Each structure stands twice: as C-alpha cells, then as structure tokens.
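the sequence and its predicted three-dimensional model are supplied below.
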Amino acid sequence: MPAVTYQYLTDTNGKPVAVVLPIQFWNSVFPQDETKYLMKSKRMKQRLIEALNRTDGFSIEEVREKLGI
C-alpha cells in the first residue's frame, strides 16, 4: 500500500482533535458494506455510537510510550 498522507486538525490551543484521511484509504480500512452490516444489529449499532461519542483515550504519543516504540 502506498504511503498515506494525512492531516491533523487542531483546536485553538494546537491540540490535535481530528485526522483527515484520503477517502480511498478510509474505504479500504472501513468498507461501507461492513459498516452497513454492523448497523443492522441493535447491539453493534449501540457500541459503534458509544465509541464515536467516547472522549477518553490516549494520544498517539502516550500509546507509543506505553508500547515502548
């Protein structure tokens, strides 16, 4: 797979809040058919929505540090 070019979106303090990915890459990682399949299940739909609304987590720097990479 060729290198993926991405961009970080930051808030007014410079903290990354989102990432912009090429749509071709997004579709290769998250095919629409799989998402539609998952959304048919009430439980999976609920879990996906909960994940989208989650605000806790780790920055990529924290993950790298925890993994030692």
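That came in fine, so what should we check first? No experiment lies behind these values; they were computed from the predicted model shown.

make it CA atoms for all contacts and neighbour counts henceforth
Fine.

do you know how far the residue most central in space within the chain is from Leu38?
Central residue of the chain (CA atoms, centre = their mean): Val19, 7.9 Å from the mean position. With distances taken as CA to CA, to the nearest Å, Val19 is found 23 Å from Leu38.

and what of Gln7?
The value you get for Gln7 to Leu38, if CA to CA is used, is 28 Å.

more neighbours: the two, which one.
A count of neighbours by other CA atoms under 10 Å puts Leu38 above the other of Gln7 and Leu38, at 16 against 11.

how confident was the prediction at the more buried one?
Note on Leu38: pLDDT of 80.

try Val20
pLDDT, read off for Val20, is 94.

quick one: contacts for it?
Tyr6, Gln7, Tyr8, Leu9 (CA atoms under 8 Å, 6 or more residues apart in numbering).

other SSEs contacting the helix or strand of the chain with the lowest mean pLDDT?
Scoring the helices and strands of the chain by mean pLDDT, DSSP states H and E places helix 32-39 at the bottom, with a mean of 77. In terms of contacts (3 or more CA pairs under 8 Å, 6 or more residues apart in numbering; DSSP states H and E), helix 32-39 is packed against helix 42-53.
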